[in-house]
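> Sharing a sequence plus its predicted fold:
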Amino acid sequence: MNNENMNLHPADGPGINETQTLSPNNNDSTEARDDSGSSGIDYRDYRESTHSITSKIAYLIGVKKGIFEKEHSSFDLDIFNKLDADKIARIIRHLCTVRTSIFINFNKINNAFKFEHRGIRTVGEFIPDESVRQLSEDGIDFVKKTSRYLSNHVVEINRLINDRINNCRSLFPMWLNWEYVKDLFIMKDGLTDSGVMAALMVYRSSYNFLPFHAYLNWEGRDEGLIISSDYRFCTWLYQLHNDEFKARNMVTNVGSYVTGNIYDFISSSGSTVLVVDCENSDPFNLSAAFRNLERKYTEKISRIILFDDIHSSTAWKLLADSTGNIPVEHLTVERLMGNKSLVDQALYARVFREFYENKTDSFVLVSSDSDYWPLVSNLPQAKFLVMIEHAKCSPNLKQALEDQHIFYCYLDDFYGGGSEDVKHKAVLAEMRAYIENTVRLNVNDMFEEALRSTRAPFTEDERKRFYRKFIKPMSLVIDDNGDVQIEFGR
């Protein structure tokens, strides 16, 4: 069979004649699917996953608004509405919807072309009129006069998606590998008729495994509903590229058990102070914890005391951006010897002073260092809640806390997505400090020195025009090694 005939008469595939596009069948229900999938990963430990990434994916691939509106939907309707007002995202959504609709109804549309002499604009029962109309309103036309076969229309849709999908990069967080996401939308060899037909065959074999039957660049298998949560989706996406997803706290949050214990601890306390060992804690994780705890409880913390070594992260200075109106006391502890930190001793002394002099009865201790266990054990009259981090805390400390019925939780289990602005501010602040300490350039002085060296006869008006034309538009050029050159005079 030649390619032309393949375009006109593709073989029937499972479910390909369904006319309802992008609607879930029973197997796509999150309640009906197994939580582990065939990958062997147990996702049931991550029920507190976020759904912002999967809501964006669902929107872009064309999942119907009614799915977002369902009670207990795992998708965020606010995200749908926000993206639907964004022309860039809206174009991709409707292009994907039309592409999937064509694949689902490929035979029927082809028959309408061949036997009823209809065109792509007259098969509204197979391709949603809403999508075609919206694309037209947004200035997108996938119907070309040169398109003789249905596969030609898919080629044009693929070209439009390929040209525009990178515009959606900003919809997703920086920590997520955009190339992995983009790859889901790019049909392999999709700019040729033969590539489209090969993709159609893959789609048919994958039909029952694709989320809501939407086309993805994936040879599907039974993985459950891969867009049921951000954690499941990101784990699956990275595995698809032989990679490991490690940013778990960017897509999951602690459960009600942890937050409930924290709230009970603060509520039952007369006065609570949060003390932080900055050497053995992460400022971004602590910032994330505050952003995910209810303000009505955290505001009952009388103050936060940071015990900082001169070598600790400067990001601690930005913690106040996440803690609301709680006073923050930032203490930098000097070293008597270059290799000996005195943070432990300073923290010890201050906790005892807070307890005996200021009548503070409860402390939230943020540190994964087992050196603080003597402090806890030697102040039995006080109440302690300890915040630790997975990789920094020894099993012995956790066992000691459990034996004394002291509640502890993991800082790096709190959802970290909300603290991205703190992370970015901290890095930018360090970069500005680096520039101020290493680079001193005044363009006026540079211009004057050049005039003196060349003895070029410039009038006052000529100087001003030269400055505006050649110097003011100067830009930085950064090579692949990170070396910077200043470019001007072009």
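Perfect, thanks for sending it. Numbers count the residues shown, from 1 in each chain.
> May I have the phi/psi pair for Leu365?
phi -100, psi 120 (degrees, to the nearest 10).
> go on, Leu274?
Dihedral angles for Leu274 - degrees, to the nearest 10 - are phi -100, psi 120.
> Could you check the pLDDT of Tyr46?
We note a pLDDT of 46 for Tyr46 in this prediction.
> One more: the one 5 residues further on?
At His51, the pLDDT value in this model is 94.
> please renumber so the chain begins at 55
From this message on, residue numbering opens at 55, which makes the last subject His105.
> Please state the offset of the host helix or strand of Glu516 from the chain centre?
In the assignment (DSSP states H and E), Glu516 maps to helix 514-520. Remark: helix 514-520 is offset 49 Å from the chain centroid, using Cα atoms, centre = their mean, to the nearest Å.
> Now Arg302. Nearest residue, chain neighbours left out?
Tyr285 (6.8 Å; Cβ to Cβ, 6 or more residues apart in numbering). C-beta coordinates here come from the backbone N, C-alpha and C atoms, glycine included.
> Just to check, that neighbour is in contact with Ala301?
No: contact criterion Cβ atoms under 8 Å: Tyr285 and Ala301 do not qualify, at 9.9 Å.
> Looking at these two, which has the bigger crowd around it?
Neighbour totals were compared for Tyr285 and Ala301, and Tyr285 leads with 26 against 15 (other Cβ atoms under 10 Å).
> average pLDDT for the strand or helix carrying the more buried one?
Applying DSSP H and E as the criterion places Tyr285 in helix 284-294. Averaged over helix 284-294, pLDDT sits at 95.
> one step back: for the helix holding Glu516, which helices and strands make contact with it?
For helix 514-520, not one helix or strand is in contact under the criterion 3 or more Cβ pairs under 8 Å, 6 or more residues apart in numbering; DSSP states H and E.
> right, and the helix or strand after that helix?
strand 529-532.
> and the helix or strand following that following strand, C-alpha only, in PDB?
Remark: after strand 529-532, the chain's next helix or strand is strand 538-541, criterion DSSP H and E. Taking Å, rounded to 0.1, in the frame of the first residue of the first chain, the C-alpha atoms of strand 538-541 are listed here in PDB:
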ATOM      1  CA  VAL A 538      31.000  38.200  30.000                       C
ATOM      2  CA  GLN A 539      31.900  40.800  27.400                       C
ATOM      3  CA  ILE A 540      30.500  44.300  27.100                       C
ATOM      4  CA  GLU A 541      29.400  45.000  23.600                       C
END
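> quick one: strands adjacent to strand 538-541?
strand 529-532 (antiparallel) (DSSP bridges).
> any chance you could map the strands in the stretch 305-454 of the chain?
326-331, 355-363, 382-387, 416-420, 437-442 (DSSP state E, counting those that start in this stretch).
> Can you flag the weakest of those by average pLDDT?
For the strands of the stretch 305-454 of the chain, where the average pLDDT is lowest is strand 382-387, sitting at a mean of 86.
> what about this structure, any weak spots by pLDDT?
Scanning the chain with the threshold set as pLDDT under 70 gives 55-101, 389-395, 472, 543-544.
> re earlier: ok, so what distance separates the residue nearest to Arg302 from Ala400?
39 Å (Cβ to Cβ, to the nearest Å).
> quick one, which of the strands of the stretch 305-454 of the chain is nearest to Asp533?
Nearest to Asp533 among these is strand 355-363 (36.1 Å), distances taken as Cβ to Cβ.
> other SSEs contacting the closest one?
By 3+ Cβ pairs under 8 Å, 6+ apart, strand 355-363 packs against strand 326-331, strand 382-387, helix 397-410.
> For the first one, which strands pair with it and how are they oriented?
The one in question is strand 326-331. Strand 326-331 is paired, per DSSP bridges, with strand 355-363 (parallel), strand 416-420 (parallel).
> nearest to Ser322, of those strands?
Going by Cβ to Cβ, the one of the strands paired with strand 326-331 nearest Ser322 is strand 416-420, 8.1 Å.
> Give me the contact list for the closest one.
319-320, 323-331, 335, 340, 355, 405, 408-409, 426, 429-430, 436-441, 465 (Cβ atoms under 8 Å, 6 or more residues apart in numbering).
> Need the buried ones from those residues selected in PyMOL.
In PyMOL, this line selects whichever of those come out buried by 16 or more other Cβ atoms under 10 Å:
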select buried, resi 319+320+323+325+326+327+328+329+330+331+335+340+355+405+408+409+426+429+430+436+437+438+439+440+441+465
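> Check for me that Ala510 belongs to a helix.
No: going by DSSP: H, G, I helix; E, B strand; the rest coil, the assignment for Ala510 is coil, not a helix.
> Next up, phi/psi of it, please.
Per degrees, to the nearest 10, the backbone of Ala510 is at phi -70, psi 130.
> and it, how many neighbours does it have?
11.
> Quick check: bridge partners of the closest residue in space to Thr326 that isn't next to it in sequence?
Among residues not flanking Thr326 along the chain, Ser416 sits closest, at 4.5 Å (Cβ to Cβ, 6+ apart). Assessed by DSSP bridges, Ser416 has beta-bridge partners Thr326, Lys437.
> measure Ser416 to His148 for me?
In terms of Cβ to Cβ, Ser416 sits 56 Å off from His148.
> ok, now Val250?
For Val250, the distance to His148 - Cβ to Cβ - is 19 Å.
> Neighbour count for the two, which is higher?
Taking neighbours as other Cβ under 10 Å, Val250 and His148 compare with Val250 leading, 28 against 24.
> in which helix or strand would I find that one?
Here Val250 is assigned to helix 247-260, by DSSP H and E.
> from the chain's centre, how far out does that helix sit?
31 Å.
> which outside residues touch stretch 104-113?
Here stretch 104-113 has contacts from 121-122, 128-130, 133-134, 137-138, 143, 147, 225-227, 230, 235, 238, 265-266, 281-285, 287-288, 305-307, 469, 471, using Cβ under 8 Å, 6+ apart.
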